[in-house]
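Colleague: Need the 3D shape of this:
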Amino acid sequence: MQPQYTSHRIPGVCLHCQTPFLGVKTRKFCSMDCSAAHRRRRVLSECAQCGQSFERHRGTPRVCCSWDCWQQMRSIRAGTGENFWPMVDQSGGPDACWPWMGKRDEHGYGRYSENGLTHREAYARTYGHIPDGLDMCHHCDNPPCCNPSHLFPGTAADNVRDASSKGRLKRDPAKFWGEKCASAKLTDDLVRQLRADYAAGEKPRALGIKYGVSHSQACNIIQRRCWRHI
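Modeller: Take a look at the predicted model:
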């Protein structure tokens with residue numbers, strides 16, 4: 001006796017052209033052409049900038065009717081902070097660090113796609129324009145922090161001095177000056193004595209031989225071109 005096979009096709013109606021068809025339960029279109037046309041169909045939306053109605057492809061996250069409206073909306077949001085401050089975590093209060101919750105670079109600083117570093121943008125939005133040539137330093141030493149009260153402008157030298165005073169430099173120059181340098185031939189006391197001997201009338205060449213350094217190095221020590229911290 002031959003086995004009896006039952007058909008799994010059931011009647012349906014095409015979502016695009018409303019034509020009846022027979023197909024499986026999950027089928028929604030009568031043909032591939034109707035399926036593609038349905039995906040390409042256009043829907044009516046309202047422009048987020050000018051409010052005019054425009055047609056867009058179904059499934060496309062388009063919010064403006066034109067490129068000009070899109071650029072205008074971005075510039076307005078950038079000027080009001082609408083798309084900046086929501087990315088800053090201010091939950092810790094006015095005295096806490098406000099970390100940037102968006103993209104960060106390899107050093108931990110937040111990156112703002114339109115205006116570069118986020119902590120500079122936060123300071124400029126709060127206090128105004130940052131003078132040209134000045135860096136933006138952190139009191140809190142927290143790179144992603146955007147709290148304006150934790151920031152202060154300064155030169156590159158100010159930034160390095162601040163980092164050195166807090167011990168944040170990988171190779172702090174203050175730790176390798178003078179007799180702390182591995183290649184130093186003299187100590188702080190010998191340098192003081194060399195300068196005292198020169199003040200007493202000894203010649204630089206004789207002092208170089210006496211202290212085991214070259215004539216030029218003895219002159220550099222006397223004229224404070226090196227060992228200036230003594």
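
Colleague: Check which element follows the least confident helix or strand in the chain by mean pLDDT along the chain.
Modeller: Across the helices and strands of the chain, mean confidence by mean pLDDT, DSSP states H and E is lowest for helix 67-80: a mean of 69. Sequence order places strand 111-112 as the next helix or strand after helix 67-80, per DSSP states H and E.

Colleague: any idea how far that next one is from the chain center?
Modeller: Put simply, strand 111-112 sits 5 Å off its chain's centre (Cα atoms, centre = their mean, to the nearest Å).

Colleague: Packing partners of it?
Modeller: Using 3 or more Cβ pairs under 8 Å, 6 or more residues apart in numbering; DSSP states H and E as the contact test, the elements touching strand 111-112 are helix 118-127. For every residue, glycine as well, the C-beta is placed using N, CA and C.

Colleague: export the helix it packs on as CSV, just CAs?
Modeller: Extracted as CSV, the C-alpha positions of helix 118-127 are listed here (Å, rounded to 0.1, in the frame of the first residue of the first chain):
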residue,chain,number,x,y,z
THR,A,118,36.2,65.7,24.6
HIS,A,119,37.8,67.5,27.6
ARG,A,120,38.7,70.4,25.4
GLU,A,121,35.2,70.5,24.0
ALA,A,122,33.7,70.4,27.6
TYR,A,123,35.9,73.3,28.7
ALA,A,124,35.1,75.4,25.6
ARG,A,125,31.4,74.8,26.0
THR,A,126,31.5,76.0,29.6
TYR,A,127,34.0,78.8,29.7
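
Colleague: What is the subsequent helix or strand relative to that helix?
Modeller: Next element after helix 118-127 (DSSP H and E): strand 135-138.

Colleague: In the sheet, which strands lie alongside that following strand, parallel or antiparallel?
Modeller: Strand partners for strand 135-138, identified by DSSP bridges, are recorded as strand 151-154 (antiparallel).

Colleague: Could you list the buried residues of the strand it pairs with?
Modeller: The neighbour-count check on strand 151-154 (16 or more other Cβ atoms under 10 Å) flags 151-153 as buried.
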